[in-house]
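# Mind folding the following:
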Amino acid sequence: MSTFTQRTIGAARLDVDIYEEVEADTTAMGQAMTLVVLSSLAAGVGSFREVGVVGVLITSIVALVGWFLWAGLTYLIGTKILPEPQTESNVGELLRTIGFASSPGLLRVFSFLPAVGTIITFVVGIWMLIAMVVAVRQALDYKGTGRAIGVCLIGWVVYFLVAIFAAVVLAGLGLVAGTAGG
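Below you'll find the model as predicted:
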């Protein structure tokens, strides 16, 4: 069994054996959650000048909630809508593999660097997306990558629409609260 550091590096290197190991290891949930939090904290630190301490904390909380929602959504799409005959998974497996797919996000801590920060953010974002596809492919036991890309694409669209809806509702609540207090 690999150490947390070996798993983190292996997941960032898109090592399918690491994703298989994490998928099977029910004790790796804490490690996956730690990576999600560290990745979001790295993003917050990288953009600290823009978001401040409160922004970093909110980013971490939103990342954890998003991780849970994304895993559940991926489970539904991958096992109910787009399964292959051998697909067998559960939400825990997806939480673990998707959590480790956030490992490249640790590099977002360098996003504050002048001239290269934007490039780092962009490259890490693409890298995390590729890691997500690998994580989904392994957790859902897909034979190829195409279906995993489809699951991620459909999930992203649904997730994006839900996020917009939530933002509108929260903005509306803020508007109502502001009117009620005035």
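# what's the longest helix belonging to the chain packed up against?
Ranked by residue count and defined by DSSP state H, the top helix of the chain is helix 146-181. With contacts defined as 3 or more CB pairs under 8 Å, 6 or more residues apart in numbering; DSSP states H and E, the packing partners of helix 146-181 are helix 48-76, helix 117-139. For every residue, glycine as well, the C-beta is placed using N, CA and C.
# Buried deepest among the ones you listed, which one?
Of all the helices and strands packed on helix 146-181, helix 117-139 carries the top mean neighbour count, a mean of 19, counting by mean count of other CB atoms under 10 Å.
# quick one, that helix and helix 48-76 angle?
Angle, helix 117-139 to helix 48-76, by axes from the mean of the first three to the mean of the last three CA atoms, to 10 degrees: 20 degrees.
# Helix 117-139: how far from the chain's middle?
9 Å (CA atoms, centre = their mean, to the nearest Å).
# Now do it, average pLDDT.
For helix 117-139, the mean pLDDT works out to 94.
# Quick one: list the elements packing against it.
helix 4-12, helix 16-24, helix 29-46, helix 91-101, helix 146-181.
# buried sites along the helix or strand bottoming out on mean pLDDT in the chain?
When the helices and strands of the chain are scored by mean pLDDT, DSSP states H and E, helix 146-181 comes last with a mean of 78. Neighbour-count burial for helix 146-181 flags R147, A148, I149, G150, V151, C152, I154, G155, Y159 (criterion: 16 or more other CB atoms under 10 Å).
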